[in-house]
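S.K.: Everything below, folded, please.
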Amino acid sequence: MPDYRTTIGLEIHAHLKTASKMFDGCPANYAGAEPNTFVSVVSLGLPGALPVVNQRAVELAALTGLALNCTVNQRSVFSRKSYLYPDLVKGFQISQYDEPLCSDGWLTIRTPAGELRRIGIERLHIEEDTGRLVHAADDSSLIDYNRAGMPLMEIVSRPEIASPEEARLYFEKMRQVLVWIGVNSGNLEEGALRCDANVSVRPVGQAHYGAKVEIKNINSFRFVERALAYEIQRQIRVLDAGGTIFQETRGWDEARSETVGQRSKEHAHDYRYFPEPDIPPLVFDAAWIEAHRAALPELPDARRDRFETAYGLSFQDADLLTLERPVADYYEAAVAASGSPKEVANWILNEGFRLLKERGEAAARLTERMPVAHLAAVLDLVAQGTVTRTVAKQVFELSFDTGTAPARLVAERGLAQISDSDAMLTVVQQVLADAKAAKAIAEYRGGKVSAVQFLVGMVMKATKGQANPQVTRELLEQELLSRP
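M.R.: Alright, predicted model coming up:
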């Protein structure tokens with residue numbers, strides 16, 4: 001059997017975060033609303049209704065193109081894309097075709113092996129979203145037009161993705177960038193971000209691409225990888241059996257873990273694109289484009305690299321701290337407040353992320369749960385020797401859950417570090433008299449110096465973590481040397 005080469009391209013569809021829909025003033029915040037309550041004469045395609053372009057949507061799409069290293073074209077044209085489907089009420093979609101807003105960009109992903117892969121972006125264009133079909137248990141279908149007319153970007157990659165894993169990484173990276181610059185909510189479950197995956201296989205050495213199969217409306221990173229992995233193997237099985245792959249559209253059936261045929265795949269000419277007669281071309285001068293380029297924030301990869309060089313963080317730590325912009329902002333604010341880059345990183349990544357995960361909360365809530373001043377105060381309590389690191393973790397968690405200032409928690413709960421030798425000597429003597437300490441005492445006297453750490457741990461447990469570890473060790477060694 002021949003070896004096969006896989007070619008994948010993704011078409012990512014992202015709602016733009018605007019107050020109104022793409023071509024009228026209908027509010028865009030329809031999430032959770034009753035069906036067909038966020039509609040208008042324009043989104044319902046009623047006769048005589050005329051579209052008016054949402055300027056903010058154009059600005060956000062241009063900003064996205066610049067973040068993705070695209071060229072923002074100085075002339076951009078809307079077109080009618082004609083096809084008949086129940087969720088497309090007008091019988092055509094206002095989209096863009098031969099003159100999109102942005103073109104020729106790229107996005108870099110990092111593979112698990114650490115290899116950097118630059119995936120080309122062919123185009124980014126604006127269009128209106130369709131309504132949503134709701135399929136009932138009795139095989140009937142209803143249509144909710146709340147989503148119809150939502151401002152939507154379609155970001156089309158070049159066919160340069162080589163595996164399902166790379167497709168997932170590209171989709172994840174795209175979400176990170178879109179949320180980072182504030183143009184998209186990143187909510188896959190609500191359909192604010194989804195993708196279509198185009199995939200073909202061909203024998204190694206064959207120059208021309210195999211027949212392209214499109215997998216529609218995938219709204220999960222995991223599903224993208226699973227759907228593509230299945231579809232690649234399906235196509236290989238067909239070819240190995242002497243069959244032919246036909247260009248078609250398929251859907252991913254998660255319950256059956258397989259792709260399912262839906263319809264033959266259309267070609268561009270089937271849509272009968274022609275310029276939208278009710279919307280004039282968009283024309284931008286160079287100054288407008290450069291002003292939006294200047295408005296871009298520092299992007300996640302650049303910020304990660306700066307965290308490595310400026311703060312001495314490892315790649316892994318810097319990468320985790322820049323997955324989401326609110327966390328990166330929080331980290332830098334905490335460093336400015338405490339002056340301890342590595343300590344701040346350790347507390348956020350270990351205690352902060354642990355507590356967020358246990359409470360089932362998003363990383364962006366860290367700022368609310370543990371204000372920068374409270375995190376800086378915890379670090380200060382440890383640095384001054386007011387509390388031990390063990391107790392500091394308790395204080396961090398209490399402050400995280402209650403919102404109480406760390407210093408107040410230490411004072412009210414009597415959590416200050418015990419460093420007084422006289423106060424600790426009694427505890428040390430009690431620990432050495434404990435039968436559980438006998439083995440460690442014997443090992444220490446036998447020359448195994450590290451055995452004292454077990455005894456230190458016993459003292460820390462007895463004092464609920466408040467004993468000064470250094471003073472504890474000194475007292476233990478004194479007592480062990482003075483005893484027969």
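
S.K.: Just the helices from the stretch 51-200 of the chain, written as ranges.
M.R.: Listed from the start of the chain, the stretch 51-200 of the chain has helices (DSSP state H, counting those that start in this stretch) covering 55-67, 164-180.

S.K.: by contact count, what packs against the last one?
M.R.: Of the remaining helices and strands, those touching helix 164-180 by 3 or more CB pairs under 8 Å, 6 or more residues apart in numbering; DSSP states H and E are strand 4-15, helix 55-67, strand 102-110, strand 116-128, strand 193-203, helix 221-240, helix 300-311. Every C-beta, even on glycine, is put in place using the N, C-alpha and C of the backbone.

S.K.: Pull out the buried residues from the second one.
M.R.: Going back to what we said before, that points to helix 55-67. Judged by neighbour count (16 or more other CB atoms under 10 Å), helix 55-67 contains these buried residues: 57-67.

S.K.: okay if I get the helices of the stretch 51-200 of the chain as JSON lines plus distance to Arg413 and mean pLDDT?
M.R.: Output for those, formatted as JSON lines (distance: least, CB to CB, whole Å; pLDDT from 0 to 100):
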{"stretch": "helix 55-67", "distance to Arg413": "47", "mean pLDDT": "98"}
{"stretch": "helix 164-180", "distance to Arg413": "39", "mean pLDDT": "98"}
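
S.K.: export the helices and strands packed on helix 164-180 to TSV and tack on distance to Ser140?
M.R.: Listed next are the helices and strands packed on helix 164-180 as TSV, based on distance: least, CB to CB, whole Å:
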stretch	distance to Ser140
strand 4-15	26
helix 55-67	34
strand 102-110	41
strand 116-128	26
strand 193-203	24
helix 221-240	26
helix 300-311	45
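
S.K.: nearest to Ala287, of the ones you listed?
M.R.: Taking CB to CB as the measure, these were each checked against Ala287, and helix 55-67 came out nearest at 13.0 Å.

S.K.: could you check the angle strand 4-15 makes with that closest one?
M.R.: In terms of direction (axes from the mean of the first three to the mean of the last three CA atoms, to 10 degrees), helix 55-67 departs from strand 4-15 by 150 degrees.

S.K.: Does helix 55-67 pack against any helices or strands, and if so which?
M.R.: Helices and strands touching helix 55-67, by 3+ CB pairs under 8 Å, 6+ apart, are strand 71-72, strand 102-110, strand 116-128, strand 151-157, helix 164-180, helix 286-294.

S.K.: who's in contact with Ile348?
M.R.: Applying CB atoms under 8 Å, 6 or more residues apart in numbering, we find Ile348 in contact with 321, 327, 330-331, 334, 366, 375.

S.K.: ok so it is a helix residue?
M.R.: Yes - Ile348: assigned to a helix according to DSSP: H, G, I helix; E, B strand; the rest coil.

S.K.: Number of residues surrounding Leu299?
M.R.: Neighbourhood size, Leu299 [other CB atoms under 10 Å]: 17.

S.K.: give me every residue that touches the nearest residue to it once chain neighbours are set aside.
M.R.: For Leu299, the nearest residue in space outside its immediate sequence neighbours is Ala67; the separation is 6.2 Å by CB to CB, 6 or more residues apart in numbering. For Ala67, the residues meeting the contact criterion (CB under 8 Å, 6+ apart) are 177, 181, 296, 299.

S.K.: so what's the third one scoring on pLDDT?
M.R.: Note for Leu296: predicted pLDDT of 97.

S.K.: Need the pLDDT of Val391.
M.R.: With respect to pLDDT, Val391 scores 85.

S.K.: ok so, going back, looking at the contacts of Ile348, which are in helices?
M.R.: Judged by DSSP state H, the contacts of Ile348 include 321, 327, 330-331, 334, 366, 375 as members of helices.

S.K.: In a markdown table: those, plus pLDDT.
M.R.: Shown next, in a markdown table, are these (pLDDT from 0 to 100):
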| residue | pLDDT |
| --- | --- |
| Leu321 | 97 |
| Val327 | 97 |
| Tyr330 | 97 |
| Tyr331 | 98 |
| Ala334 | 97 |
| Leu366 | 95 |
| Leu375 | 97 |
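
S.K.: Closest one of the residues you listed to Pro47?
M.R.: For the ones in helices among the contacts of Ile348, the closest approach to Pro47 (CB to CB) belongs to Val327, at 49.9 Å.

S.K.: Now do stretch 149-160, average pLDDT.
M.R.: Within the predicted structure, the mean pLDDT of stretch 149-160 is 97.

S.K.: looking at the helices and strands packed on helix 55-67, which is closest to Ile12?
M.R.: Between Ile12 and these, the tightest spacing by CB to CB is seen for strand 151-157, at 4.5 Å.

S.K.: Note down every partner strand of that closest one and its orientation.
M.R.: According to DSSP bridges, the neighbouring strands of strand 151-157, each with its direction, are strand 4-15 (antiparallel), strand 116-128 (antiparallel).

S.K.: Contacts only, for the residue nearest the centre of the chain.
M.R.: To find the centre residue of the chain, average its C-alpha atoms and take the closest one (CA atoms, centre = their mean): that gives Gln176, at 4.7 Å. Listed by CB under 8 Å, 6+ apart, the contact set of Gln176 reads 300, 323-324.

S.K.: Going through the residues you listed, which ones are buried?
M.R.: 300, 324.

S.K.: for the chain, where's the lowest mean pLDDT among helices and strands?
M.R.: Across the helices and strands of the chain, mean pLDDT, DSSP states H and E gives its lowest value to helix 421-433, namely a mean of 63.

S.K.: Walk me through the domains of this structure.
M.R.: The chain resolves into domains spanning 4-290, 298-413, 421-482 when parsed by automatic domain parsing.

S.K.: thought Asp317 was touching Leu349?
M.R.: Yes - applying CB atoms under 8 Å, one finds Asp317 in contact with Leu349, separated by 6.2 Å.

S.K.: neighbour-wise, which of the two wins?
M.R.: When neighbours are counted by other CB under 10 Å, Asp317 comes out ahead of the other of Asp317 and Leu349, with 21 against 17.

S.K.: For that one, give its distance to Glu358.
M.R.: Asp317 is 20 Å from Glu358, where distance means CB to CB, to the nearest Å.

S.K.: and the closest residue to Glu231 other than its chain neighbours, how many neighbours?
M.R.: Across the structure, with CB to CB, 6+ apart as the measure, the residue nearest Glu231 apart from its sequence neighbours is Thr259 (4.9 Å). Look at Thr259: counted by other CB under 10 Å, it has 24 neighbours.
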